[in-house]
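*Asks:* Structure of the sequence below:
(chains A and B)
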Amino acid sequence: MAKAENLMVEQLKNNFKAFEARLNGISKNQWHQMRKEAIDAFTSNGFPGVKDEEYRYTPIGKAIEKNFDLSMLGIETPETGTFVPVFSKEHAIHIFIRNGKIDHENLNDISEAGVEVCSLKDALVQYPKEIESHLGKYANVHKDSFAALNMAFSNDGVFIKIPRNTQLEKPLIVHYITEGKGEEKIFQTRNLIIAEEGSNAKIIESYTNSDNIRQFSNHVTEIVVKANANFNFYKLQNQGNQAYHIDSTYISQLRDSTLQSYVLTLEGKIIRNNLNIILDGENCEAHMFGLYVIHEDSHIDNHTSVDHKAPNCYSNEVYKGILDNNSKGVFNGKVFVRQDAQKTNAYQSNKNILLTDTATINTKPQLEIWADDVSCSHGCTTGQLDEEQLFYLRSRGIGKSSARAMLLHAFVNDVLDKIEIDFLHDYFNSEMYNRLDWES
Amino acid sequence: MLKIKNLHAGIEGQQILKGINLEVKAGEIHAIMGPNGSGKSTLASVLAGREEYEVTEGEVEFLGKNILDMAPEDRAREGLFLAFQYPVEIPGVSSNNFLKTAVNQVRTYRGLEPLDAVHFLKLMKEKMAMVEIEQKLINRSLNEGFSGGEKKKNEIFQMAILEPKLSILDETDSGLDIDALRVVANGVNKLKSEDNATIVVTHYQRLLDYIVPNFVHVLYNGRIVKSGDKSLAFELEEKGYDWIKEEVDSVA
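*Replies:* This is a model prediction of the structure:
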C-alpha cells in the first residue's frame, strides 16, 4: 500500500514537472510559487482517506485513484463544441468552459453587458492586482487536498469582475461542459469572482456531461463579495451518473454585503460540495439553500461552513433532500461564531426524505460558539413519506403517484420558491419530476 | 348501494371486525353507534381502503362492484367518501390545488372532461356557500393550523365538491362545539338526496338530533348486535351501552 502511494506521489511529481514545463513563459509568475507549495502539500497529504473525518462518509479519494488514470493530470483534452445549453440565449449571459477550457469566442460580447470577464490565465496579465490580492487566499492548500491538487494543476477557468455599483440585469451562466469521446476526462478548473462594492449580480454555475463520460472534475471557485454588494450564486449539478465531482467554493463577505447561495443537485456518481463562507465584516447576511433530489446510486455530500468573524451578522441555512433507490446523502454543516462576533444570528436546518429502505443519509450539524450574546439554532430531520398524508390524498380520488408528487413537492417547495431565476426554477422543477417518475 | 357480507378484518394479527353484515340503499342514512373499541372506526377505515388493515373474510359490494381489491383512490372515484375522524394537516399543499387535482382525477376516471379554471372556481364558490366555509381557510395549506371544527367543516366541504354516492362520517361530531356541529349537519342534510346515502359513525346521540337516521345499528365487539330506528339512539343515550353488552355477553 505504502509502495503504491509512493508510486502515485512520484508520478504526480513527474506530471507536475511536465505540466510546468508546458506552461512555458507564464510558469515564472506568482502562480508558480503557489503551485509549488500546493504540489508539496498534496504529495505529503495525499487524497483524503476514510480516516479523515471530513471525508469519512464520502470515499471519493479512493474512488478516483481506482477509476482514473492520474497521469492525465495537467494534460488538456480537446473540446468538441457540440454542447447546446438548455437555457435560451436571451435569458442570460453565457460563458462556456468545455472540457476544462474556456471558450474565448463569446467573451468579447460579454464585456458590453457591464461585467468584466476573461480567462483566469489572461487575468494574470490584465488584472494583476486582483490576482495578487485574492487568488489562492481563501482555498487553503494545507487544509484540503483537493484544493491543493487544484492549485497545482489548474491552468484555466474564468475570472469575473462585477464593477462597482453595477447592477447586472441578466444572470450570468458559466456552463461547465464535459463532452466528446474518450473513456475519461480529468479537469482542474479554477475561478475567481469579485463582486465590487455596491454591485448586484446573479451567477449560475451549471454542470453538464453531455456524453455521460467518466469524469473527475475538481473545481475551485473563490469569491469576494465586497462592501454593500448583493451576490446571488447558484450551482446546478446534473452531470450524469459517471461524474466524480469535487466542487469547492470559498466566499469571503465584507461588511454590509448579502449573499444568496443555492446548491441544486440532480445527479452525479459522487459529488462533494465544499461551501465555505467567511463573514469578515459587520452586518453581513448569508442565505444558504440546498436541494438534492437524487436517485439510483448517486452520492451527494454537502459540507458547508459559515464562519462568523464579525458582529451583527446573520446566516441562515436550509438544505433539503429527497433520496430514492440506493442513493446516498451526506450533510455536514459547520457554524463558527468567533468571540468578537456578538449579536450573531445563525440558523441551520437539514431535512431529508428517504423513499426507499436502501437510500441513506448521514447528517451532522456542528456549531462552535465562542461569543456569548448570540442567537443560534440547528435541526435536522430524516423520514419517509407520511403514510397518513398519502392515504388522505388518495381517499379523495388522487392517484398514488400524483399524491406522492404533491407531498414531495410540498416538502421541497419552500426552498424551491427561493430560486429567484424563473427559468432555473422551472428547469429544476421539471427535472425533479422526471427523475422520480412522477405524474405531473 | 352498499352490501357488506360477513366482513372480518383486523390489524397486525388482531381480529377487530368479526362478521359485519349491513346493507345500505340509496336515499338512506344509517347511524353506527357503539362503545369505544367496538370497531366503528375500523369499519370506516376498511371501507375507505386503509392499507394497514387486513380483510380476512367476507365481501363488500359497492354499486355492484367488489371494492375490497380496489386502491383507495379508485374507491373514491367510484363515489365513496370518508370524512376523517382526524383529518391530517398537509403543509405546503394548497387546498385549491388539492381539490382541483381530486375533482379532475375523479372526472377523468368517470370519462368526463376535466374542469377548467373558470368552471372549477364556480364549483368552489357554489359549494363554499352551501357548507358555510370561509374563503380564508381555502387559501391556506390543506388543514394546516385549522382548529378541530375547521377541519371537520373542511371535510364536509370536500364532500360537497366531490359529490359522493356514499359518505361515511367517522365520528365527525366528536369534540365539536354546537355551532360547528350545526354547520356540519346542515352540510350533510343539504347534500342528501334520493341518489346518495350516508353512514354516520358516532359515539354520541347528539349528532342524530341534527342528522336524522333511518336506521341505527349498535356495533359491539366487532359485530352489529342490534339494529333499530332512531328511537334506539335515544335509548342508548338514556341507558348507555352496558345493557347491550350484558345482553350480548349473556347470549354468548
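
*Asks:* before we move on, which element is the residue of the stretch 201-350 of chain A found nearest chain B in?
*Replies:* Going by CB to the nearest CB, chain B is nearest to residue A:320 of the stretch 201-350 of chain A, at 11.3 Å. Every C-beta, even on glycine, is put in place using the N, C-alpha and C of the backbone. Element membership for residue A:320 (DSSP states H and E) is strand A:314-323.

*Asks:* Same question for that strand: list its buried residues.
*Replies:* Under the neighbour-count criterion of 16 or more other CB atoms under 10 Å in any protein chain shown, strand A:314-323 has A:314-315, A:317-323 buried.

*Asks:* buried residues in stretch A:31-48?
*Replies:* For stretch A:31-48, by 16+ other CB under 10 Å, it's A:31, A:34-35, A:37-43, A:45-48.

*Asks:* okay if I get these as a markdown table plus distance to residue B:28, pLDDT and secondary structure?
*Replies:* Formatted as a markdown table, the buried residues of stretch A:31-48 follow (distance: CB to CB, whole Å; pLDDT from 0 to 100; DSSP: H, G, I helix; E, B strand; the rest coil):
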| residue | distance to residue B:28 | pLDDT | secondary structure |
| --- | --- | --- | --- |
| A:31 | 87 | 78 | helix |
| A:34 | 85 | 88 | helix |
| A:35 | 86 | 89 | helix |
| A:37 | 87 | 92 | helix |
| A:38 | 83 | 93 | helix |
| A:39 | 86 | 92 | helix |
| A:40 | 88 | 92 | helix |
| A:41 | 83 | 93 | helix |
| A:42 | 81 | 91 | helix |
| A:43 | 85 | 89 | helix |
| A:45 | 80 | 88 | helix |
| A:46 | 79 | 87 | coil |
| A:47 | 75 | 88 | coil |
| A:48 | 72 | 88 | coil |
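
*Asks:* Just name the closest of those to chain B, please.
*Replies:* Ranked by distance to chain B (CB to the nearest CB), these are led by residue A:48 at 37.7 Å.

*Asks:* so where's the chain uncertain?
*Replies:* Here I'm looking at chain A. Where chain A drops to pLDDT under 70, the residues are A:1-6, A:24-29, A:81, A:437-440.

*Asks:* hmm, I had chain B in mind actually
*Replies:* B:252.

*Asks:* go again using 80 as the cut-off
*Replies:* Across chain B, the ranges flagged by pLDDT under 80 are B:251-252.

*Asks:* need the strands for it, in chain order.
*Replies:* B:2-11, B:14-24, B:29-33, B:53-62, B:65-66, B:80-83, B:90-94, B:141-142, B:166-170, B:197-201, B:215-220, B:223-228 (DSSP state E).

*Asks:* gap between the longest one and the chain center?
*Replies:* The gap between where strand B:14-24 is centred and where its chain is centred comes out at 16 Å by CA atoms, centre = their mean, to the nearest Å.

*Asks:* and the angle from it to strand B:166-170?
*Replies:* For strand B:14-24 against strand B:166-170, the angle by axes from the mean of the first three to the mean of the last three CA atoms, to 10 degrees is 140 degrees.

*Asks:* Up against chain B, what does chain A have?
*Replies:* Within chain A, the positions near chain B by CB under 8 Å from any CB of the partner chain are A:386, A:388-389, A:391-400, A:402-403, A:406-407, A:409-411, A:413-414.

*Asks:* Filter those down to just the ones in helices.
*Replies:* For these, membership in helices holds for A:388-389, A:391-394, A:400, A:402-403, A:406-407, A:409-411, A:413-414, with DSSP state H as the criterion.

*Asks:* what's the closest of those to chain B?
*Replies:* For these, the nearest to chain B is residue A:410 (2.8 Å; CB to the nearest CB).

*Asks:* Near that closest one, how many other residues are there?
*Replies:* 19 (other CB atoms under 10 Å in any protein chain shown).

*Asks:* Could I get the full set of strands for the stretch 201-350 of chain A?
*Replies:* Using DSSP state E, counting those that start in this stretch, the strands of the stretch 201-350 of chain A run over A:214-225, A:230-238, A:243-253, A:258-267, A:270-279, A:285-294, A:299-308, A:314-323, A:328-337, A:345-354.

*Asks:* Output these in CSV; the columns should cover distance to residue B:172.
*Replies:* Below are the strands of the stretch 201-350 of chain A laid out as CSV (distance: least, CB to CB, whole Å):
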stretch, distance to residue B:172
strand A:214-225, 56
strand A:230-238, 48
strand A:243-253, 53
strand A:258-267, 43
strand A:270-279, 49
strand A:285-294, 38
strand A:299-308, 45
strand A:314-323, 35
strand A:328-337, 41
strand A:345-354, 31
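
*Asks:* right, and those - which one's nearest residue A:364?
*Replies:* strand A:328-337 (4.9 Å; CB to CB).

*Asks:* which other helices and strands contact the closest one?
*Replies:* Packing contacts for strand A:328-337, counted by 3 or more CB pairs under 8 Å, 6 or more residues apart in numbering or on different chains; DSSP states H and E, involve strand A:299-308, strand A:314-323, strand A:345-354, strand A:360-369, strand A:375-383.

*Asks:* Deepest in the core, which of those is it.
*Replies:* Mean neighbour count (mean count of other CB atoms under 10 Å in any protein chain shown) peaks for strand A:299-308 among the helices and strands packed on strand A:328-337, with a mean of 24.

*Asks:* if we can go back for a sec, reformat the buried residues of stretch A:31-48 as CSV; add distance to residue A:56.
*Replies:* Shown next, in CSV, are the buried residues of stretch A:31-48 (distance: CB to CB, whole Å):
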residue, distance to residue A:56
A:31, 33
A:34, 29
A:35, 29
A:37, 27
A:38, 24
A:39, 26
A:40, 25
A:41, 21
A:42, 20
A:43, 23
A:45, 16
A:46, 16
A:47, 14
A:48, 9
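
*Asks:* Stretch B:101-120 vs chain A: in contact?
*Replies:* Yes. Stretch B:101-120 lies within reach of chain A by CB under 8 Å from any CB, at B:101-103, B:105-106, B:109.

*Asks:* Between the residues you listed, which sits nearest residue B:125?
*Replies:* Sorting the residues of stretch B:101-120 next to chain A by how near they are to residue B:125, with CB to CB, puts residue B:103 at the top with 13.8 Å.

*Asks:* The closest one is in contact with residue B:120, isn't it?
*Replies:* Yes. Counting by CB atoms under 8 Å, residue B:103 touches residue B:120, with 6.7 Å between them.
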